[in-house]
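Visitor: show me the folded form of this:
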Amino acid sequence: MENQEKYWTARYHNQSTGWDIGHPSSPLKAYIDQLRDKSISVLIPGAGNAYEAEYLWQNGFRNIYVMDISQIPLTSFQQRIPDFPKEQLLQEDFFEHKGLYDLILEQTFFCSFVPTDENRLGYAKQMANLLKSNGKLVGVWFNFPLTGDMEKRPFGGDKALYLSFFRPYLKSLTFEICHNSIPPRQGKELFGMFMKK
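Guide: Numbering: from 1, shown residues only. This is a model prediction of the structure:
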């Protein structure tokens, strides 16, 4: 965890945060808008500045857990939303986390890992471990080729590649080209909903 924490903390210090769009991503905002049960438990791992969590909070969801390996975005989030419970801000390694959630939101998290089979299978397994029996993993995954450059984050992929890692642990409900991406990401995102197997 220590090396990853240093890496991401340096990215925030250097303001090298090209993934940060400054507001909730439109596909996840649209998904949140149709949620009716505001008591559900929601985890947002690798949340960064967590605009989706802020949007959930503003819309009456209270059982939200914001996780990042770096303290910097969590501190920034606390400053933006001072009444958000500190105990629901988790500076943790996702792979070490214990808990059970109704909903896990994915937004530029999967693509942040060095794309080894171990990391990608580990992600799918841990997502399944953290979902309640009828819980859902919902989010967007980048749909562009994976390069050979191990430092070229975000790391891409395609539907078939992602499903090859997810299939042992997660059942796909939908996984298609996103129709409501922000303009710079049009055609470059897949919107997916998964349940644990």
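
Visitor: nearest residue to the middle of this protein?
Guide: By CA atoms, centre = their mean, the chain has its centre lying nearest to Glu106, at 2.7 Å.

Visitor: so what secondary structure elements neighbour whichever strand or helix holds Ser164?
Guide: Assigned by DSSP states H and E, Ser164 falls within helix 159-166. The contact analysis (3 or more CB pairs under 8 Å, 6 or more residues apart in numbering; DSSP states H and E) places helix 159-166 against helix 117-130, strand 170-177, strand 189-196. (C-beta placed from N, C-alpha, C; glycine too.)

Visitor: can I get these in JSON lines with mean pLDDT, mean neighbour count and distance to Trp57?
Guide: Formatted as JSON lines, those follow (pLDDT from 0 to 100; neighbours: other CB atoms under 10 Å; distance: least, CB to CB, whole Å):
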{"stretch": "helix 117-130", "mean pLDDT": "97", "mean neighbour count": "17", "distance to Trp57": "20"}
{"stretch": "strand 170-177", "mean pLDDT": "96", "mean neighbour count": "14", "distance to Trp57": "26"}
{"stretch": "strand 189-196", "mean pLDDT": "96", "mean neighbour count": "21", "distance to Trp57": "22"}
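
Visitor: out of these, which is closest to Lys136?
Guide: Lys136 lies closest, by CB to CB, to one member of the helices and strands packed on helix 159-166: strand 189-196, at 5.7 Å.

Visitor: the closest one: partners in the sheet, and parallel or antiparallel?
Guide: strand 131-142 (antiparallel), strand 170-177 (antiparallel) (DSSP bridges).

Visitor: how far out from the middle of the chain is the first one?
Guide: A distance of 10 Å separates the C-alpha centroid of strand 131-142 from that of its chain, computed with CA atoms, centre = their mean, to the nearest Å.

Visitor: in CSV, list the C-alpha atoms belonging to that strand.
Guide: The C-alpha trace of strand 131-142 is given here as CSV (Å, rounded to 0.1, in the frame of the first residue of the first chain):
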residue,chain,number,x,y,z
LEU,A,131,-21.2,-6.9,-2.4
LYS,A,132,-24.3,-8.2,-0.5
SER,A,133,-26.0,-11.1,-2.1
ASN,A,134,-28.2,-8.9,-4.2
GLY,A,135,-25.8,-5.9,-4.3
LYS,A,136,-24.6,-4.3,-7.5
LEU,A,137,-21.4,-3.0,-8.9
VAL,A,138,-22.3,-0.1,-11.3
GLY,A,139,-20.0,2.2,-13.2
VAL,A,140,-18.0,3.1,-16.3
TRP,A,141,-14.9,1.4,-17.6
PHE,A,142,-12.7,2.9,-20.3
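
Visitor: show me which residues of it are buried.
Guide: Leu131, Gly135, Lys136, Leu137, Val138, Gly139, Val140, Trp141, Phe142 (16 or more other CB atoms under 10 Å).
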